[in-house]
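A.B. asks: need a 3D model of the following:
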Amino acid sequence: MDPALAPVIRAAQDSDGDGLAALIFGCWAEYPGCVIDARENPEFWQIATWSSDQGGRFWVAEDRGRIVASAGLLPTADRAGQELAKLYVAREARRQGLAGRLIAMVEALDPEDARLRFF
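C.D. replies: Coordinates of the predicted model:
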């Protein structure tokens with residue numbers, strides 16, 4: 001892929017809610033019988049505020065105005081480390097290294113932190 005045409009990774013904004021929800025709902029829809037309820041995930045529409053309030057960060061990858069991937073870094077429940085959260089890549093944006101770029105970016109935030117957890 002031409003780097004000039006690659007999706008741009010940027011900090012998420014609360015205004016990304018509709019695009020983020022469309023991405024995540026689309027990914028879940030690929031699995032028969034799996035349902036995600038928007039009412040149980042209000043953070044989609046306030047993702048920047050939600051992740052910041054938890055002490056984390058969140059990013060989206062945008063391609064021609066459409067959100068095609070996401071990833072967050074949030075403290076674990078016990079606050080002993082951090083974990084990768086909500087890593088999603090739209091079907092049409094897969095197999096281009098986008099998830100790898102997001103993970104590498106998260107890992108680079110604190111390369112000495114051995115407590116970064118991936119599930």
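
A.B. asks: just the helices in the protein please.
C.D. replies: 17-29, 47-53, 98-108 (DSSP state H).

A.B. asks: report all helices and strands that the first one contacts.
C.D. replies: Helices and strands touching helix 17-29, by 3 or more C-beta pairs under 8 Å, 6 or more residues apart in numbering; DSSP states H and E, are strand 57-63, strand 66-75, strand 82-89. Any C-beta I mention is one placed from the backbone N, CA and C, and that applies to glycine too.

A.B. asks: dump those strands into CSV; add mean pLDDT and mean neighbour count as well.
C.D. replies: Converted to CSV, the helices and strands packed on helix 17-29 look like this (pLDDT from 0 to 100; neighbours: other C-beta atoms under 10 Å):
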stretch, mean pLDDT, mean neighbour count
strand 57-63, 95, 22
strand 66-75, 94, 21
strand 82-89, 91, 19
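
A.B. asks: start and end of stretch 5-16, how far apart?
C.D. replies: The straight-line separation of the ends of stretch 5-16 (C-alpha to C-alpha, to the nearest Å) is 21 Å.

A.B. asks: show me where pLDDT drops low in this protein?
C.D. replies: 1-4, 110-119 (pLDDT under 70).

A.B. asks: from what I see, Arg10 and Trp59 are in contact.
C.D. replies: Yes - using C-beta atoms under 8 Å, Arg10 makes contact with Trp59 at a distance of 6.6 Å.

A.B. asks: quick revisit: Ala69 is nearest to which of the helices of the chain?
C.D. replies: Between Ala69 and those, the tightest spacing by C-beta to C-beta is seen for helix 98-108, at 5.0 Å.

A.B. asks: list the buried residues for that closest one?
C.D. replies: 98-99, 101-102, 106 (16 or more other C-beta atoms under 10 Å).
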